[in-house]
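Asks: make a model of this:
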Amino acid sequence: MRTDSGAAPAVDTTYSGHMTIRPGPAGLSAARECVRRVAGELQIPSEDAADLLLAVGEALSNAYVHGTPDPQVNLIYIGWHFAGEIVTITIKDEGPGFVPHEVAGRLTGLAMARGHGLRLMREGADEVYVEFDDGAKVCLRKRVARDRVPGAN
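Replies: Predicted structure coming up:
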């Protein structure tokens, strides 16, 4: 879409949304695709979007593996908010949660090879917060340089 001046329209400086999924391959895929679409709508630079998608993918995988004791009943909630320079994505599950350093000490074999989710989230996002209260909530924040945000100049 173009304006009368021929310039692309500016992206609104505030943008929020959410979705709820059932745990499983179809739900996880839909959530990843939704976040990819939102990044495109916000015109987030591809390198930043790829980093954010890595972090979101890991948070979703953790919610699925650790936070859905009964996939027929439990749900995963995804929310996003973009304001100014910050994209915030929150993934919440209904599971009991875990203390990462305690679990890491008990991992063996294949499970030990899989224990890199939080590290990968930290590589893909600028800030990662994890809270355990009635399930786990992971909050991922990624700063997009102000001069790279469409309509910010």
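Asks: which helices and strands sit right next to the one helix or strand residue 120 maps to?
Replies: Using DSSP states H and E, the element containing residue 120 is helix 117-124. The contact analysis (3 or more Cβ pairs under 8 Å, 6 or more residues apart in numbering; DSSP states H and E) places helix 117-124 against helix 46-67, strand 127-132, strand 136-143. Where C-beta positions appear, they are placed from N, C-alpha and C, glycine not excepted.
Asks: is it possible to get JSON lines of the ones you listed that adds mean neighbour count, distance to residue 79 and mean pLDDT?
Replies: Converted to JSON lines, the helices and strands packed on helix 117-124 look like this (neighbours: other Cβ atoms under 10 Å; distance: least, Cβ to Cβ, whole Å; pLDDT from 0 to 100):
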{"stretch": "helix 46-67", "mean neighbour count": "20", "distance to residue 79": "11", "mean pLDDT": "91"}
{"stretch": "strand 127-132", "mean neighbour count": "14", "distance to residue 79": "13", "mean pLDDT": "90"}
{"stretch": "strand 136-143", "mean neighbour count": "20", "distance to residue 79": "9", "mean pLDDT": "94"}
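Asks: any chance of the ones you listed in JSON lines, plus distance to residue 40?
Replies: Output for these, formatted as JSON lines (distance: least, Cβ to Cβ, whole Å):
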{"stretch": "helix 46-67", "distance to residue 40": "8"}
{"stretch": "strand 127-132", "distance to residue 40": "23"}
{"stretch": "strand 136-143", "distance to residue 40": "15"}
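Asks: follow-up on the earlier one: tilt between the helix holding residue 120 and strand 127-132?
Replies: Orientation of helix 117-124 against strand 127-132 (axes from the mean of the first three to the mean of the last three Cα atoms, to 10 degrees) gives an angle of 150 degrees.
Asks: quick one: contacts of helix 117-124?
Replies: If you take Cβ atoms under 8 Å, 6 or more residues apart in numbering as the criterion, helix 117-124 is touched by 51-56, 58-59, 61-62, 100, 128, 130, 138, 140, 142.
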